[in-house]
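1. Just a sequence and a predicted model for now, questions to come.
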Amino acid sequence: MSPAYCVVGGGISGLVAAYRLRVAAGPQASITLFDPADRLGGALRTERIGGQAMDVGAEAFVARRPEVPALLAELGLANRQVGTTGARPLIYSQDRLHPLPAGTLQGIPAQPSALAGLVDDATIARMHDERNRPLRWRHGADPSVAELVGDRFGDQVVTRSVEPLLAGVYAGSAATIGVRSAVPTLAGALDRGARSLTDAVREAVPPPVTGSVFGAVDGGYRVLVDELIRRARAQWVQVGIERVARAAAGWDLVDDEGTRHHADAMVLAVPAPVLARMVADVAPRTAAAARRIPVASTALVALALPGGTPLPQQSGVLVASGEQRLRAKAVTLTSRKWGPRGNVELVRLSFGRFGDNLTRGAGDEDLLGWAAEDLATLFGVHTEPVDCHVQRWIDAMPQYGPGHGELIGELRSGLPPTIAVAGAFLDGIGVPACVAAATRAAASLVTARVAR
Ligand SMILES: Cc1cc2nc3c(=O)[nH]c(=O)nc-3n(C[C@H](O)[C@H](O)[C@H](O)COP(=O)(O)OP(=O)(O)OC[C@H]3O[C@@H](n4cnc5c(N)ncnc54)[C@H](O)[C@@H]3O)c2cc1C
């Protein structure tokens with residue numbers, strides 16, 4: 001008889017784990033999924049705004065990574081994968097809009113000229129001179145991005161070119177994100193003996209891609225979520241799990257009403273702070289490591305503006321850190337990025353960076369007001385939206401600090417073989433990395449010897 005599998009957390013990580021367990025264990029296997037939310041999908045959430053399907057959490061995936069295209073194909077959804085229109089984003093810095101520098105690695109330039117106009121002449125001169133300054137790099141080192149790039153190229157490169165990109169991905173700052181997580185290929189080039197940051201970036205920068213860097217799902221991520229739910233055929237129990245306890249055989253999952261649910265083996269696919277509480281009794285080393293992963297909150301305002309609103313032909317705006325005239329950290333001009341939909345202009349503004357507490361006390365009316373002000377500042381647009389939606393993501397963005405890889409090694413090594421973890425705090429924050437980690441988690445349970 002197949003073991004009783006449980007999956008805790010029904011975001012993309014939990015859903016992929018449940019689906020992989022179903023494929024491996026067969027139609028008769030017992031798979032129970034716990035999630036207290038009003039619907040499954042976690043940070044993959046699609047709403048109808050202005051009559052159009054619009055993602056109000058993740059909206060895209062890195063298309064050159066194989067995981068999401070392969071999953072879509074496996075689920076018969078390959079024809080739902082769409083690419084961007086080719087419109088490029090801008091950077092807002094020093095009260096002006098600038099083109100996004102080309103040929104950079106997460107904003108770290110391979111050529112100083114790429115940042116002309118964005119940083120001052122002294123910074124350009126410092127970058128030109130960088131190869132003449134001796135670089136001390138210890139194999140395996142993992143300084144923060146700000147420490148490395150600030151020291152070699154100067155602070156303006158950090159705040160105006162690197163942080164706008166890191167804020168988009170992690171809602172984080174270069175001071176709290178490690179080089180090895182944010183730009184692993186750069187760390188690799190330095191480990192291999194690059195003699196300067198300039199040389200390392202030149203070695204690591206990927207060749208220009210033909211086609212779209214990002215993919216999305218036509219109809220929104222809801223399409224992928226629904227198909228995973230259908231294929232996983234897990235029993236969804238709509239409660240939160242408080243903790244895992246040892247049982248005579250296997251485990252008990254204790255829910256927030258005190259009810260115990262039996263599991264022989266489980267995937268825990270919840271955010272790191274929740275995991276820390278959940279496994280405190282049964283895997284204290286894992287809990288201690290999970291507790292050390294900081295998280296950021298962010299809020300998203302999605303707007304449908306009337307068709308014909310005069311927005312630029314760009315995919316959006318990434319905001320440099322420290323800008324006083326804007327509150328948003330990023331604006332996506334959704335209809336320009338992915339192509340027109342209906343007779344509306346869809347726009348997303350996201351607010352809140354790690355440690356700034358900007359969104360904590362803000363009500364929906366505040367956020368909508370900030371969105372209106374920022375659109376006026378950026379584009380001179382004062383148009384009333386025809387529809388809007390405010391979505392909050394509390395503690396949803398794990399921060400990949402220096403030494404994150406070692407921390408995750410410690411976290412995983414503290415787990416008994418019949419408990420596996422999946423989630424955005426492990427091997428990468430993006431959807432492709434979540435799919436990969438969930439696949440690994442499910443595979444480890446299938447090969448674990450489950451005592452029954
Ligand atoms: C605003 C935003 C924009 C993003 N944009 C992109 C993007 O464009 N591209 C990209 O690749 N990535 C993006 N990301 C990152 C990516 O979406 C997430 O990292 C990923 O979806 C996380 O999936 P997850 O299943 O690990 O966690 P989550 O989606 O957070 O799911 C965790 C689930 O656990 C449940 N849960 C919590 N506590 C309990 C409990 N006690 N018991 C049971 N269940 C519980 C929650 O209800 C939730 O459903 C974005 C993230 C956010 C927040």
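-> Yep, it's here. Numbers count the residues shown, from 1 in each chain.
2. Enumerate the residues of the stretch 151-300 of the chain near the ligand.
-> In this structure, the stretch 151-300 of the chain approaches the ligand at residues G240, I241, A269, V270, P271, V274, T298, L300, judged by Cβ under 6 Å from any ligand atom. For glycine as for every other residue, the C-beta is placed from the backbone atoms N, C-alpha and C.
3. pLDDT, neighbour count and secondary structure for the residues you listed - can I get that in JSON lines?
-> Conversion of these to JSON lines gives the following (pLDDT from 0 to 100; neighbours: other Cβ atoms under 10 Å; DSSP: H, G, I helix; E, B strand; the rest coil):
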{"residue": "G240", "pLDDT": "98", "neighbour count": "16", "secondary structure": "coil"}
{"residue": "I241", "pLDDT": "98", "neighbour count": "24", "secondary structure": "strand"}
{"residue": "A269", "pLDDT": "98", "neighbour count": "33", "secondary structure": "coil"}
{"residue": "V270", "pLDDT": "98", "neighbour count": "27", "secondary structure": "coil"}
{"residue": "P271", "pLDDT": "97", "neighbour count": "23", "secondary structure": "coil"}
{"residue": "V274", "pLDDT": "98", "neighbour count": "19", "secondary structure": "helix"}
{"residue": "T298", "pLDDT": "94", "neighbour count": "24", "secondary structure": "strand"}
{"residue": "L300", "pLDDT": "97", "neighbour count": "25", "secondary structure": "strand"}
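4. excluding its backbone neighbours, what's nearest A116?
-> In space, and not counting its chain neighbours, A116 is closest to I124: 6.6 Å by Cβ to Cβ, 6 or more residues apart in numbering.
5. so what's L346 up against?
-> L346 is in contact with I49, G50, Q52, M54, A302, L303, A304, L305, T334, S335, counting by Cβ atoms under 8 Å, 6 or more residues apart in numbering.
6. Wait, a helix at V435?
-> Yes: the assignment for V435 by DSSP: H, G, I helix; E, B strand; the rest coil puts it in a helix.
7. Report how many residues lie close to it.
-> 26 (other Cβ atoms under 10 Å).
8. From the ligand, how far off is the residue lying closest to it once chain neighbours are set aside?
-> Residue nearest to V435 in three dimensions, not counting chain neighbours: E67, with 4.2 Å by Cβ to Cβ, 6+ apart. Going from E67 to the ligand by Cβ to the nearest ligand atom, to the nearest Å gives 10 Å.
9. Just the strands from the stretch 151-300 of the chain, written as ranges.
-> In the stretch 151-300 of the chain, the segments counted as strands under DSSP state E, counting those that start in this stretch are 214-217, 235-237, 241-246, 251-255, 260-263, 265-268, 295-306.
10. Name the stretch among the ones you listed that sits most buried.
-> Counting by mean count of other Cβ atoms under 10 Å, strand 265-268 has the highest mean neighbour count of the strands of the stretch 151-300 of the chain, with a mean of 28.
11. quick check: mean pLDDT across it?
-> With pLDDT averaged residue by residue, strand 265-268 scores 98.
12. counting contacts, what elements does it pack onto?
-> Where contact means 3 or more Cβ pairs under 8 Å, 6 or more residues apart in numbering; DSSP states H and E, strand 265-268 is packed against strand 4-8, helix 12-25, strand 419-421, helix 431-447.
13. among the ones you listed, which is nearest L224?
-> L224 lies closest, by Cβ to Cβ, to one member of the helices and strands packed on strand 265-268: helix 12-25, at 7.8 Å.
14. Quickly run through the sheet partners of the helix or strand immediately after that closest one in the chain, with directions.
-> Note on helix 12-25: by DSSP states H and E, the next helix or strand toward the C-terminus is strand 30-34. Sheet pairing of strand 30-34 (DSSP bridges) gives strand 4-8 (parallel), strand 235-237 (parallel).
15. Give the next helix or strand downstream of strand 30-34.
-> Following strand 30-34 in sequence, per DSSP H and E, is strand 46-49.
16. tell me which residues of that following strand are tucked away?
-> T46, E47, I49 (16 or more other Cβ atoms under 10 Å).
17. quick one: contacts for the closest residue in space to A442 that isn't next to it in sequence?
-> Once flanking residues are discounted, A442 sits nearest to R20: 3.6 Å by Cβ to Cβ, 6+ apart. Neighbouring residues of R20 by Cβ under 8 Å, 6+ apart: A438, T439, A442, A443.
18. could I get those as a markdown table with distance to E227?
-> Converted to a markdown table, the contacts of R20 look like this (distance: Cβ to Cβ, whole Å):
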| residue | distance to E227 |
| --- | --- |
| A438 | 15 |
| T439 | 16 |
| A442 | 17 |
| A443 | 21 |
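19. Return the member of the residues you listed nearest to W251.
-> Once Cβ to Cβ is applied, the member of those that ends up nearest W251 is A442, at 16.7 Å.
20. need the contact list for the closest one.
-> Taking Cβ under 8 Å, 6+ apart as the criterion, A442 is in contact with V16, A17, R20, L21, A24, V267, A420, A422.
21. and the two most separated of those residues?
-> Largest pairwise distance in those, by Cβ to Cβ, is 14.7 Å, between A24 and A422.
22. how many neighbours does whichever residue of the stretch 51-200 of the chain sits closest to the ligand have?
-> Nearest residue of the stretch 51-200 of the chain to the ligand, counting by Cβ to the nearest ligand atom: A58, 3.2 Å away. Per other Cβ under 10 Å, the neighbour tally for A58 reads 21.
23. Check the one 4 residues further on too.
-> The criterion is other Cβ under 10 Å. On that basis, V62 has 15 neighbouring residues.
24. What of V213?
-> Number of residues near V213 (other Cβ under 10 Å) recorded here: 13.
25. rewinding a little: which among the strands paired with strand 30-34 is found nearest to M278?
-> Nearest of the strands paired with strand 30-34 to M278, taken as Cβ to Cβ: strand 4-8 at 7.2 Å.
26. average model confidence for stretch 333-346?
-> 96.
27. With stretch 54-72 instead?
-> Stretch 54-72 carries an average pLDDT of 97.
28. could I get it in CSV with only the CA atoms?
-> Extracted as CSV, the C-alpha positions of stretch 54-72 are listed here (Å, rounded to 0.1, in the frame of the first residue of the first chain):
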residue,chain,number,x,y,z
MET,A,54,-4.3,39.9,-14.8
ASP,A,55,-1.7,38.3,-12.5
VAL,A,56,-1.5,40.2,-9.2
GLY,A,57,1.4,38.2,-7.8
ALA,A,58,4.1,36.7,-10.1
GLU,A,59,3.3,37.5,-13.7
ALA,A,60,6.3,36.0,-15.6
PHE,A,61,9.1,33.4,-15.6
VAL,A,62,12.6,33.4,-16.9
ALA,A,63,12.0,31.6,-20.2
ARG,A,64,15.6,30.4,-20.7
ARG,A,65,15.3,28.3,-17.6
PRO,A,66,13.8,24.9,-18.6
GLU,A,67,11.5,24.2,-15.7
VAL,A,68,8.3,26.2,-16.5
PRO,A,69,8.3,25.6,-20.3
ALA,A,70,8.8,21.9,-19.6
LEU,A,71,6.0,21.8,-17.0
LEU,A,72,3.6,23.6,-19.3
